[in-house]
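Asks: pasting a predicted model and its sequence here:
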Amino acid sequence: MDLKDENSFKMSIPMLSGEHSKYWSIKMRTFFISQDLWALASQGYTKVDATIFILLKIDGKKELLYTQKKDAKTLFVLQIRIDVSIFHKITKCKVSNNS
């Protein structure tokens, strides 16, 4: 996501204010599918510790870093589109599928 597109990006994602969460979930699912983020949002990924990361080959490291970046994007989208009144419920989430 380019910074210049951030406002239009945020506007296309529905805001969750605590009401109509079922409809919000449907819209978010559709959005995440369109951005190829649904697998991360729904299933997450296996985090690896530093010891295992060191043992990965270059392609494995690149794939893991790419997955972590996509997961961070997914979590960010959730964070920016949840009203501050309910945001406290996800503040401890470190990966998107925990949100």
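Replies: Okay, I see it.
Asks: which residues in the protein form helices?
Replies: Counting by DSSP state H, one finds helices in the chain at the ranges 6-11, 21-34, 38-43, 50-55, 58-80, 84-87.
Asks: quick check: closest non-adjacent residue to the residue positioned nearest the centre of the chain.
Replies: Closest residue to the average C-alpha location of the chain: residue 74 at 1.4 Å, with Cα atoms, centre = their mean. In this structure, residue 74 finds its nearest non-sequential neighbour in residue 96, 3.7 Å apart by Cβ to Cβ, 6 or more residues apart in numbering. Any C-beta I mention is one placed from the backbone N, CA and C, and that applies to glycine too.
Asks: count the neighbours of residue 41 for me.
Replies: Neighbourhood size, residue 41 [other Cβ atoms under 10 Å]: 23.
Asks: hmm, residue 32 and it touching each other?
Replies: Yes - in this structure, residue 41 is within contact of residue 32 by Cβ atoms under 8 Å, at 4.7 Å.
Asks: what touches both of those two?
Replies: Common neighbours of residue 41 and residue 32, counting by Cβ atoms under 8 Å, 6 or more residues apart in numbering, are residue 74.
Asks: name the helix or strand of this structure that has the lowest mean pLDDT.
Replies: helix 6-11 (a mean of 56; mean pLDDT, DSSP states H and E).
Asks: gap between the residue nearest to residue 74 and residue 85?
Replies: According to Cβ to Cβ, to the nearest Å, residue 96 stands 21 Å off from residue 85.
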